[in-house]
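**Q** Fold the stuff below for me.
(one chain, ligands or ions: 1)
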Amino acid sequence: MRGVIEQYRPYLDLPDTPAVTLGEGSTPLVFWNTWGASEIFLKLEGTNPTGSFKDRGMTVAVTVARHEGARAVICASTGNTAASAAAYAARAGLQSFVVVPKGRVTQEKMLQALAHGAQMLAIDGNFDQALDVVRTTAERHPAIALVNSVNPWRLRGQESGAYEIIDDLNRAPAALVLPVGNAGNISAYFHGFRRYGRGIPRMLGIQAAGASPLVAGHDFDNPDTIASAIRIGKPASKPYALEAAAVSRGGFYAVSDDEILGAQKELAHGGIFVEPASAAAYAGLKALREQGLLPAGPVVGILTGTGLKDGSTPRQWIDASTVETPAERVGETIIALMEGTGSHVAH
Ligand code: AN7
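**A** Numbers count the residues shown, from 1 in each chain. Below is the predicted model of the structure:
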């Protein structure tokens with residue numbers, strides 16, 4: 001694990017300064033299945049050091065912040081940016097401040113940020129309002145670097161996902177399918193493919209139906225979905241995202257919370273555990289397949305974060321399947337379960 005900066009420094013136009021890195025990037029691109037003429041690959045971004053794709057951009061943003069003399073970093077977050085910012089700030093010896101929508105961030109993500117020493121500030125409001133607050137704060141205080149994806153260095157780092165896919169497939173895929181919240185990632189991938197100069201896939205952005213401003217064509221004042229990471233009603237990178245979809249002949253599609261949960265379960269039963277926001281990408285792949293909208297050739301789904309970051313959602317289907325049994329009856333209980341006979345509860 002060399003880290004994004006060492007791997008791709010010539011593409012990043014960075015100042016000559018040591019990298020703040022945790023060995024992010026180089027994530028697995030897993031062949032999943034053949035669907036008609038499409039070969040489906042899934043990129044497991046949950047294998048990054050803090051469990052999400054945010055680390056690709058954070059290594060670059062925090063490297064530059066430290067180089068420019070910042071004393072602290074600040075971000076608004078639905079959780080993953082917070083965890084990543086806190087970890088990279090800790091690595092760099094900087095303070096971190098995280099503004100979150102109160103009660104709307106998973107415990108696991110809060111725990112991560114706090115473990116790395118972040119100061120958490122919870123506001124009565126949603127992500128979009130939190131982002132407004134941190135933008136104003138960073139403008140007024142030059143020693144505090146804003147590390148949301150409105151920081152161009154974040155997006156430069158996230159472009160590395162596109163470079164890796166081309167390096168792995170030895171060509172650009174026919175389509176890229178990814179979940180969209182603030183629309184930073186889809187913008188970064190688009191610019192990454194463009195910069196790498198080996199072709200641009202159709203950029204297909206998936207939003208949760210209750211938070212789907214790019215599908216509906218208007219902002220959402222009260223975004224609502226089980227996928228808390230992408231509960232965002234006013235995407236900051238909207239203009240870039242619209243350009244990405246238009247230039248690549250892609251588009252934006254909405255999936256329901258039920259489709260997201262079904263996709264999460266299907267992936268888990270295939271060995272891949274992701275959080276609901278990431279499952280939205282797979283739900284999108286399935287919906288596009290149904291509608292005959294997947295092109296022939298390699299199609300890559302970006303699974304943005306690990307399932308361990310949101311225990312609340314899958315717990316509903318996990319609790320039902322644990323069998324209590326006396327130790328001496330474990331063997332016979334298993335045999336009975338394998339044969340599909342007998343009671344699950346061997347008391
Ligand atoms: C798992 O952490 O916005 O469209 O504050 O955590 O680039 O915003 C997270 C977003 C997809 C959407 N998947 O990416 C935050 C935050 C996961 C995410 C997205 C997020 P963008």
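
**Q** contacts, neighbours, all on C-alpha from now
**A** Will do.

**Q** buried stuff in stretch 163-183?
**A** Across stretch 163-183, burial judged by 16 or more other CA atoms under 10 Å covers 163-166, 172-183.

**Q** Next step: those residues restricted to helices.
**A** 163-166 (DSSP state H).

**Q** Just the C-alphas of the helix or strand of the chain with the lowest mean pLDDT, formatted as PDB.
**A** In the chain, the helix or strand scored least confidently by mean pLDDT, DSSP states H and E is helix 312-318, which has a mean of 75. The C-alpha coordinates for helix 312-318 follow below in PDB (Å, rounded to 0.1, in the frame of the first residue of the first chain):
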ATOM      1  CA  SER A 312     -28.500  -0.400  12.700                       C
ATOM      2  CA  THR A 313     -29.900  -1.200   9.300                       C
ATOM      3  CA  PRO A 314     -28.800  -4.800   8.700                       C
ATOM      4  CA  ARG A 315     -29.400  -5.700  12.400                       C
ATOM      5  CA  GLN A 316     -33.000  -6.100  11.500                       C
ATOM      6  CA  TRP A 317     -32.300  -9.100   9.400                       C
ATOM      7  CA  ILE A 318     -29.400 -10.400  11.500                       C
END
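
**Q** how far out from the middle of the chain is that helix?
**A** Centroid separation between helix 312-318 and its chain, computed with CA atoms, centre = their mean, to the nearest Å, is 20 Å.

**Q** just stretch 168-180 next, same as before
**A** Centroid displacement of stretch 168-180 relative to its chain, using CA atoms, centre = their mean, is 15 Å.

**Q** Quick check: end-to-end length of it?
**A** 23 Å (CA to CA, to the nearest Å).

**Q** before we move on, back to that, what does the least confident helix or strand of the chain rub up against?
**A** Under the criterion CA atoms under 8 Å, 6 or more residues apart in numbering, residues 106, 226, 265, 276 lie in contact with helix 312-318.

**Q** give me that answer again for 10 Å
**A** By CA atoms under 10 Å, 6 or more residues apart in numbering, the surrounding residues in contact with helix 312-318 are 106-108, 226-227, 261, 264-265, 268, 273-276, 307-308, 311.

**Q** Just name the closest of these to the ligand, please.
**A** Glu275 (6.5 Å; CA to the nearest ligand atom).

**Q** element containing Arg66?
**A** For Arg66, the host element (DSSP states H and E) is helix 54-67.

**Q** ok now the next helix or strand after that helix, how far from the chain's centre?
**A** Next helix or strand after helix 54-67 toward the C-terminus (DSSP H and E): strand 72-76. Computed by CA atoms, centre = their mean, the chain-centroid distance of strand 72-76 equals 18 Å.

**Q** Let's see strand 72-76 as CSV, backbone CA atoms only.
**A** Taking Å, rounded to 0.1, in the frame of the first residue of the first chain, the C-alpha atoms of strand 72-76 are listed here in CSV:
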residue,chain,number,x,y,z
ALA,A,72,-7.0,22.6,12.1
VAL,A,73,-9.3,21.1,9.6
ILE,A,74,-13.1,21.5,9.5
CYS,A,75,-15.8,19.7,7.7
ALA,A,76,-19.6,19.1,7.6
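
**Q** Give me the sheet partners of it and which way each runs.
**A** strand 95-101 (parallel), strand 144-146 (parallel) (DSSP bridges).

**Q** Name the surrounding residues that touch the strand or helix carrying Val30.
**A** Val30 belongs to strand 29-35 when assigned by DSSP H and E. The contact list for strand 29-35, computed with CA under 10 Å, 6+ apart, reads 39-45, 164-165, 168-169, 267, 270, 286, 289, 294, 296-302.

**Q** give me that answer again for 7 Å
**A** For strand 29-35, the external contacting residues (CA atoms under 7 Å, 6 or more residues apart in numbering) are 39-44.

**Q** Identify the structural domains in this protein and state their residue ranges.
**A** 4-52+153-314, 54-150 (automatic domain parsing).

**Q** Let me see the mean pLDDT of stretch 125-145.
**A** The predicted model assigns stretch 125-145 a mean pLDDT of 96.

**Q** That one and the ligand in contact?
**A** No - Stretch 125-145 does not reach the ligand (CA under 6 Å from any ligand atom); its nearest approach is 7.5 Å.

**Q** For that stretch, buried residues please.
**A** Neighbour-count burial for stretch 125-145 [16+ other CA under 10 Å]: 126-131, 134-135, 137-138, 143-145.

**Q** again with stretch 223-243
**A** 223-238, 240-243.

**Q** Which of those fall in helices?
**A** Using DSSP H, the buried residues of stretch 223-243 in helices are 238, 240-243.

**Q** hang on, the earlier thing: could you export the buried residues of stretch 125-145 as CSV, including secondary structure?
**A** Output for the buried residues of stretch 125-145, formatted as CSV (DSSP: H, G, I helix; E, B strand; the rest coil):
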residue, secondary structure
Asn126, coil
Phe127, helix
Asp128, helix
Gln129, helix
Ala130, helix
Leu131, helix
Val134, helix
Arg135, helix
Thr137, helix
Ala138, helix
Ala143, coil
Ile144, strand
Ala145, strand
